[in-house]
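*Asks:* sequence unavailable; structure follows:
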Ligand SMILES: Nc1ncnc2c1ncn2[C@@H]1O[C@H](COP(=O)(O)OP(=O)(O)OP(=O)(O)O)[C@@H](O)[C@H]1O
């Protein structure tokens, strides 16, 4: 018997004032999957994520979390199941890294409650696990983009949700931190976490995904294994460029055509 998806989106329509973004989109996320969502700028990836998180109101269709309408959940009930790791995160106050990670417990401890010893211990364990325990007393606002991303991942771990949604997680990270973050996603996936992540990098999608989903014209264009979905035709269809897929040590890589002028 096939397990019910964690998230199920059916015939989803959504418009911002004067601008329709989603035109009858269907999507599923299953337990244990690492799904990479690809699509050109402005195609609606972040909008879909905000709808799944219950932060926007759909025009039409269904968004189900564990087979129940997302609207029937309170925000803390959604947070106990899904941790959202945004692309950029600026905080108005000068919180320390440890404070930021403890905030992942807010949905468990209540907005105005003080964190317990257990909450602080959970935060320290998460910092240790992500390998950034040495940053715990630093002001979050003074960290680099890559360090901030790691802190947000630690915060998501303290939330104790088993599904992570990441919007362009490697955006702004240097090459080393991109690879380290992908490696971290890979090892968390092996521990049983489920991921939905958006990406602009076909190579990253091929490196760390059990399934790739492409989006175009407010709908899903294709969905399947990385090698099924990421083809020269799909790259051309999505981004209007030529590319070929080559293999190095059995790993597929996407190589775009590029005429050198210098
Ligand atoms: N608050 C808003 N009000 C009006 N239009 C919006 C709003 N937010 C996004 N849009 C528009 O909706 C479309 C989809 O935006 P969205 O941010 O979901 O795209 P995306 O696929 O995540 O893009 P990117 O890859 O550039 O992050 C875009 O055309 C964008 O201009």
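*Replies:* Arrived safely, thanks for sending. It should be emphasised that the depicted structure is a prediction, and the values quoted were computed from it without experimental measurement.
*Asks:* mind listing the helices for the stretch 101-250 of the chain?
*Replies:* Taking DSSP state H, counting those that start in this stretch as the test, the helices found in the stretch 101-250 of the chain are 106-109, 117-130, 145-158, 175-190, 202-207, 226-229, 232-239.
*Asks:* can you list those in CSV and add mean neighbour count?
*Replies:* The C-beta positions use only the backbone N, C-alpha and C, and glycine is treated the same way. Compiled in CSV, the helices of the stretch 101-250 of the chain are given as follows (neighbours: other CB atoms under 10 Å):
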stretch, mean neighbour count
helix 106-109, 18
helix 117-130, 17
helix 145-158, 23
helix 175-190, 16
helix 202-207, 21
helix 226-229, 16
helix 232-239, 16
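*Asks:* can you put these in a markdown table and add distance to the ligand and mean pLDDT?
*Replies:* Formatted as a markdown table, these follow (distance: least, CB to the nearest ligand atom, whole Å; pLDDT from 0 to 100):
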| stretch | distance to the ligand | mean pLDDT |
| --- | --- | --- |
| helix 106-109 | 25 | 76 |
| helix 117-130 | 24 | 94 |
| helix 145-158 | 16 | 91 |
| helix 175-190 | 17 | 91 |
| helix 202-207 | 14 | 96 |
| helix 226-229 | 17 | 96 |
| helix 232-239 | 11 | 96 |
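*Asks:* now these in JSON lines, with distance to residue 16?
*Replies:* Below are the helices of the stretch 101-250 of the chain laid out as JSON lines (distance: least, CB to CB, whole Å):
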{"stretch": "helix 106-109", "distance to residue 16": "28"}
{"stretch": "helix 117-130", "distance to residue 16": "35"}
{"stretch": "helix 145-158", "distance to residue 16": "26"}
{"stretch": "helix 175-190", "distance to residue 16": "30"}
{"stretch": "helix 202-207", "distance to residue 16": "27"}
{"stretch": "helix 226-229", "distance to residue 16": "28"}
{"stretch": "helix 232-239", "distance to residue 16": "22"}
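*Asks:* residue numbers of this structure in contact with the ligand?
*Replies:* 16, 19, 21, 39, 41-47 (CB under 6 Å from any ligand atom).
*Asks:* please indicate which of those are buried?
*Replies:* Neighbour-count burial (16 or more other CB atoms under 10 Å) applied to the residues of the chain next to the ligand gives 21, 39, 43-47.
*Asks:* can you tell me which of the residues you listed are in helices?
*Replies:* 45-47 (DSSP state H).
*Asks:* adding pLDDT, write the residues you listed out as CSV.
*Replies:* Output for these, formatted as CSV (pLDDT from 0 to 100):
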residue, pLDDT
45, 96
46, 94
47, 96
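*Asks:* ok, those vs residue 193, which is closest?
*Replies:* Closest approach between those and residue 193, by CB to CB: residue 45, at 20.2 Å.
*Asks:* wait, the closest one sits on residue 37?
*Replies:* Yes. If you go by CB atoms under 8 Å, residue 45 and residue 37 touch, sitting 5.4 Å apart.
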